[in-house]
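A.B. asks: my questions concern the predicted model and sequence given below.
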Amino acid sequence: QVTLKESGPGILQPSQTLSLTCTFSGFSLSTYGMGVGWIRQPSGKGLEWLANIWWDDDKYYNPSLKNRLTISKDTSNNQAFLKITNVDTADTATYYCARINDNNSYYFDYWGQGVMVTVSS
Amino acid sequence: DIQMTQTPSSMPASLGERVTISCRASQGISNYLNWYQQKPDGTIKPLIYYTSNLQSGVPSRFSGSGSGTDYSLTISSLEPEDFAMYYCQQYDSSPNTFGAGTKLELK
């Protein structure tokens, strides 16, 4: 059974660095074709893809935020991470991690429940 | 970036009704189009991948079609659990982008 769960600080101040963790089970990020993506959703708005990391440590970022994003993984502990530097109020959102199984097709086939992050002074 | 225009933004509908949600890309996306459902509690699940492939466990009343720039999601007969938000996603080019969503509401 595949599960993912996001964790984060809840609230942080402008200019700080947001660190998010995705802890998953039921698959391994060392398996060929597996990936984890991060997607966010401001309250009442749509979905925005942020970044993906793949089994071979390949990384892809949304260019609109690329300079602020760092994605990484800890395969042995089944975790993926996302850091966003220099946050401001526009980064207030629910952040989701999701699995991609590229052996089938490119889509997010399992999602976490999301973690709400508020940026406020 | 490829823009995904999803219509309508909201749709009142009745139980048992057949509904279609549309998604238009700003350029051709070669069928690289997925559909997701989001429930009010925030839970997101995939429905359709690569235009027309039904995700395992998703009821057969859901179907997808399209080509080029125009794609659609059809629900053949609405059930109570189908009232939710729906999003399309293109992955033809990076960054992959989502439509703004369609809220399916009970009439």
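C.D. replies: The structure has been received and is ready for your questions. Numbering: from 1, shown residues only, chains lettered A, B, ... in the order given.

A.B. asks: show me where chain B dips below the pLDDT cut-off.
C.D. replies: Along chain B, the model assigns pLDDT under 70 to no residue.

A.B. asks: helix or strand: which one has the residue most central in space within chain A?
C.D. replies: In chain A, the residue lying closest to the centroid (Cα atoms, centre = their mean) is residue A:38, at 2.7 Å. Residue A:38 belongs to strand A:34-41 when elements are defined using DSSP states H and E.

A.B. asks: residue A:49 too?
C.D. replies: Per DSSP H and E, residue A:49 falls inside strand A:48-54.

A.B. asks: any idea how far stretch A:97-116 is from the chain center?
C.D. replies: 10 Å (Cα atoms, centre = their mean, to the nearest Å).

A.B. asks: my error: substitute stretch B:20-35 in the last question.
C.D. replies: Its chain's C-alpha centre and that of stretch B:20-35 lie 9 Å apart, by Cα atoms, centre = their mean.

A.B. asks: still on that earlier bit, which pLDDT does the model give the residue nearest to the centre of chain A?
C.D. replies: Predicted confidence (pLDDT) for residue A:38: 98.

A.B. asks: was I right to think it contacts residue A:20?
C.D. replies: Yes. If you go by Cβ atoms under 8 Å, residue A:38 and residue A:20 touch, sitting 7.1 Å apart. (Glycine included, C-beta is placed from N, CA and C.)

A.B. asks: so what sits against both of those two?
C.D. replies: Common neighbours of residue A:38 and residue A:20 are listed as A:82, A:95, A:97 (criterion: Cβ atoms under 8 Å, 6 or more residues apart in numbering or on different chains).

A.B. asks: tell me, how many residues neighbour residue A:26?
C.D. replies: By other Cβ atoms under 10 Å in any protein chain shown, 11 other residues sit near residue A:26.

A.B. asks: next one: the nearest residue to it once chain neighbours are set aside from chain B, what distance?
C.D. replies: Nearest in space to residue A:26, with sequence neighbours left out and distances taken as Cβ to Cβ, 6 or more residues apart in numbering or on different chains, is residue A:2 at 3.6 Å. Look at residue A:2 and chain B: by Cβ to the nearest Cβ, to the nearest Å, they are 12 Å apart.

A.B. asks: contact partners for residue A:2?
C.D. replies: By Cβ under 8 Å, 6+ apart, the contact set of residue A:2 is A:24-27, A:99, A:109-110.

A.B. asks: 7 Å instead, please
C.D. replies: Residue A:2 sits next to A:26-27, A:99, A:110 when contact means Cβ atoms under 7 Å, 6 or more residues apart in numbering or on different chains.

A.B. asks: so what does the strand holding residue A:49 touch, helix or strand wise?
C.D. replies: Under the contact criterion of 3 or more Cβ pairs under 7 Å, 6 or more residues apart in numbering or on different chains; DSSP states H and E, strand A:48-54 touches strand A:34-41, strand A:59-61, strand A:69-74, strand A:79-84.

A.B. asks: right, so of those strands, which gets closest to chain B?
C.D. replies: Closest to chain B of those is strand A:59-61 (Cβ to the nearest Cβ; 6.2 Å).
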